[in-house]
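Enquirer: Using only what follows, build the 3D model:
(4 chains)
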There are 2 protein chains.
Amino acid sequence: MVKITDVARHAGVSPSTVSYALSGKRPISEETRQRVEAAIRELGYRPHAGARALASSRSNVLALVVPLRAGIHVPVVMQFAVSVVTTARRYDHDVLLLTQEEGEEGLRRVADTALVDALVVMDVQLDDARLPLLRSLDLPSVMIGFPAEADGLTCIDLDFKAAGEACVEHLARLGHRVVALIGSPPEVYVRQTAFAQRVVQGFTAAADRGRLVSSVHPCEATPAAARAVAEQLLREQPALTGVVVHNEAILEPLIDAFDQLGLRVPADLSVTAICPDELAAAPRTPVTSVALPSAEVGARAVELLMNKLDGKTVPEATLLPPRMTERASTAPRAFP
Amino acid sequence: MVKITDVARHAGVSPSTVSYALSGKRPISEETRQRVEAAIRELGYRPHAGARALASSRSNVLALVVPLRAGIHVPVVMQFAVSVVTTARRYDHDVLLLTQEEGEEGLRRVADTALVDALVVMDVQLDDARLPLLRSLDLPSVMIGFPAEADGLTCIDLDFKAAGEACVEHLARLGHRVVALIGSPPEVYVRQTAFAQRVVQGFTAAADRGRLVSSVHPCEATPAAARAVAEQLLREQPALTGVVVHNEAILEPLIDAFDQLGLRVPADLSVTAICPDELAAAPRTPVTSVALPSAEVGARAVELLMNKLDGKTVPEATLLPPRMTERASTAPRAFP
DNA sequence: CCAGGTCGTCGAAGCGATTCGTCGAATCGA
DNA sequence: TCGATTCGACGAATCGCTTCGACGACCTGG
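Expert: Next up, the predicted model:
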């Protein structure tokens, strides 16, 4: 293994000079830097991660906490994860993957052993058990999602409440007066998962404000469940003309189900969704949707962390405003 | 931060004794160990990962390489990943997440910087660009999946060829003579993804051996594509009575599509699948399937790595035999 | 021309563990 | 009873890098 002393000798400088040339923490003459860089290239030098971590008390590794709980939509979670990883790399960091098998103990472990410099926490619940731990740890952390009480913690997410409102308001503007929210699987609500709850809040608030008739329907992530909900709606809410879907897995099956029940989208029924853009654009009838900007959220989360690591202060809450794209699935209410 | 010297002082021993008590690499008297453990507990000591890595040249971190290429089924990939993480934890290792944004350079980097001790490589292609690199690296690695030429590399996977055969043979035993394989999205085949190819091989070989009429149909991972394939089959293969599905995303939509086309499963059409058991069991008509044992594969992959890290020799190839579960979707061919 | 700065580099002291070699004490067989 | 082992613990070296203080050389302004 080639080490920094080898590089130093080869370049005719001292190890510390190599280190400074690499980190830029002290000025190094252009000429010397050139020589050092050449030596590094010729020898194929790579600093030893452990040594670097020990000496600098920075591991350049972030922990990504991904509790894959029941009912979540895995592909969307992975979009976040990928975005976190690629952004971390841009800042010369790697990402350690923590699942929730270990519970909070895993967090404490990677923090206490200085294995990671900072934490990205996903799938936050309104009353998340990890909050006290995150507060007590002296590592910087960012949560993707908002708990009920986030004082002293940094959070970022799509403004799901506003997203729910935007969907309802869009439908209201089109003249719809009876709307339904088809949401995540029941267990997600039981767990008080933050983003799911907030959509409901926004949906309900906007509907009330607009004096719409509204109802909320959790739905399992299976085509069969989607069909069942569609049938139930047709039966129990015959006046229904507007739907908000907040459940990635069943967006397409649900539209199919409506179709088979004789409800044409958008002629008979306008559909909006809160989901990644690719997903909304995919069905035969592309769906008007509020984008779930996973890539942006992941990237911004990492950027927040990097700022914290640099000692900068960052806003506690970052709510990304909803961005709605109109597609073919919504139309003005038809008055028969 | 509490360090090993603190523990040593508190327990009235030397640092090296603490280290040996922890690692068990040298005998320590029961009584001393007790004292050391008590001290550790009281002080809440956690060894510094970087220091440990530097001194022992072991980071206790594995890299998990997950190229999230187009067309793969993300939830299944995550099952592997979770299984790798939890198994790694059982061996006191953590997992670094590498996506393929960086390409092979990422592999080289984590290897050269001694950031990880070993590699788990997923989504292997028949002619995988990473093979030479893996061979040249002196880190142990395990591939989940089989490339065309695996000499000198350790691989593990479900025996997809045998799985394809098992499905066909099951259908043949039930009297079916015209069968079709509905496979992964076209791009997966274009990429020469190992496991997809092998299913085709097994499917075709078994069909030929049994003198069945067979055809292969790649299929995008969308309900619409599933419907299209179903319609195409009905049109072009009216004698078809047996189907093998190797595409997690469309198993359920496909069955629905057949249903809507008036093909009853299993009365008119027998369906088998290669997919995780949960998925096969989920549809209204549970599907006879060969299990995709992600948890087992992930766990065994890590175990292989641990053995390699211990200097033990391990088999180069581990092919898990297919395990088929009969469910409601297959029945003897009806002779009208 | 000199005090006071910069600039660029060096040397050495850590960082916090692991791991040798060593050494006293206890144990054992003859 | 004595030398030979074994056992358990210690001390010091070491892992490879970062960082702090220091120190010439070179400027600059008064």
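
Enquirer: What is the neighbour count of residue A:97?
Expert: Counted with other CB atoms under 10 Å in any protein chain shown, the neighbours of residue A:97 add up to 23. From N, CA and C alone the C-beta is placed, and that goes for glycine too.

Enquirer: May I ask which helix or strand encompasses it?
Expert: strand A:94-98 (DSSP states H and E).

Enquirer: At which residues are the strands of chain A located?
Expert: With DSSP state E as the criterion, chain A has strands at A:61-65, A:94-98, A:118-121, A:141-144, A:154-158, A:178-182, A:213-217, A:242-245, A:270-275, A:288-291, A:317-320, A:324-325.

Enquirer: Relative to the shortest one, what are the paired strands and their orientations?
Expert: So the one you mean is strand A:324-325. Sheet pairing of strand A:324-325 (DSSP bridges) gives strand A:288-291 (antiparallel).

Enquirer: and the partner strand, C-alpha only, in CSV?
Expert: What follows is strand A:288-291 as a C-alpha-only set of coordinates in CSV (Å, rounded to 0.1, in the frame of the first residue of the first chain):
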residue,chain,number,x,y,z
THR,A,288,-52.5,15.7,-13.1
SER,A,289,-50.2,15.6,-10.1
VAL,A,290,-48.2,17.3,-7.4
ALA,A,291,-44.7,16.1,-7.9
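
Enquirer: So for that strand, mean pLDDT?
Expert: For strand A:288-291, mean pLDDT is 98.

Enquirer: now that strand: how far from the chain's centre is it?
Expert: 16 Å (CA atoms, centre = their mean, to the nearest Å).

Enquirer: What are the contacting residues of that strand?
Expert: With contact meaning CB atoms under 8 Å, 6 or more residues apart in numbering or on different chains, strand A:288-291 is reached by A:158, A:163, A:166-167, A:170, A:270-277, A:279-280, A:322-330.

Enquirer: mind listing the helices for the stretch 51-200 of chain A?
Expert: Listed in chain order, the helices of the stretch 51-200 of chain A (DSSP state H, counting those that start in this stretch) span residues A:74-90, A:104-112, A:130-136, A:160-173, A:186-190, A:194-209.

Enquirer: buried stuff in the last one?
Expert: What it means is helix A:194-209. Buried residues in helix A:194-209, counted by 16 or more other CB atoms under 10 Å in any protein chain shown: A:194, A:195, A:196, A:197, A:198, A:199, A:200, A:202, A:203, A:204, A:206, A:207.

Enquirer: how close does the closest residue to residue A:128 other than its chain neighbours get to chain B?
Expert: Nearest non-adjacent residue to residue A:128, counting by CB to CB, 6 or more residues apart in numbering or on different chains: residue A:147, 4.8 Å away. Separation of residue A:147 from chain B (CB to the nearest CB, to the nearest Å): 24 Å.

Enquirer: Arrange the buried residues of helix A:194-209 in TSV, one row each, with distance to DNA strand D and pLDDT as further columns.
Expert: Below are these laid out as TSV (distance: CB to the nearest atom of the strand, whole Å; pLDDT from 0 to 100):
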residue	distance to DNA strand D	pLDDT
A:194	37	88
A:195	38	92
A:196	43	93
A:197	43	93
A:198	41	94
A:199	44	96
A:200	47	96
A:202	45	97
A:203	50	98
A:204	51	97
A:206	51	98
A:207	55	98
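
Enquirer: So which of those residues is the closest to DNA strand C?
Expert: When the buried residues of helix A:194-209 are compared for distance to DNA strand C (CB to the nearest atom of the strand), residue A:194 comes out closest, at 36.2 Å.

Enquirer: Quick check: the closest one vs residue B:154, distance?
Expert: Taking CB to CB, to the nearest Å as the measure, residue A:194 falls 42 Å from residue B:154.

Enquirer: ditto for residue A:111
Expert: 33 Å.

Enquirer: Then residue A:35?
Expert: With distances taken as CB to CB, residue A:35 is found 42 Å from residue B:154.

Enquirer: With residue A:53 instead?
Expert: 29 Å.

Enquirer: try residue A:282
Expert: Taking CB to CB, one finds residue A:282 at 38 Å from residue B:154.

Enquirer: Neighbour count for these two, which is higher?
Expert: residue B:154 (22 against 17).

Enquirer: which residues touch the more buried one?
Expert: With contact set as CB under 8 Å, 6+ apart, residue B:154 has these partners: B:140, B:141, B:142, B:143, B:304, B:308, B:314, B:315, B:316, B:317, B:318.
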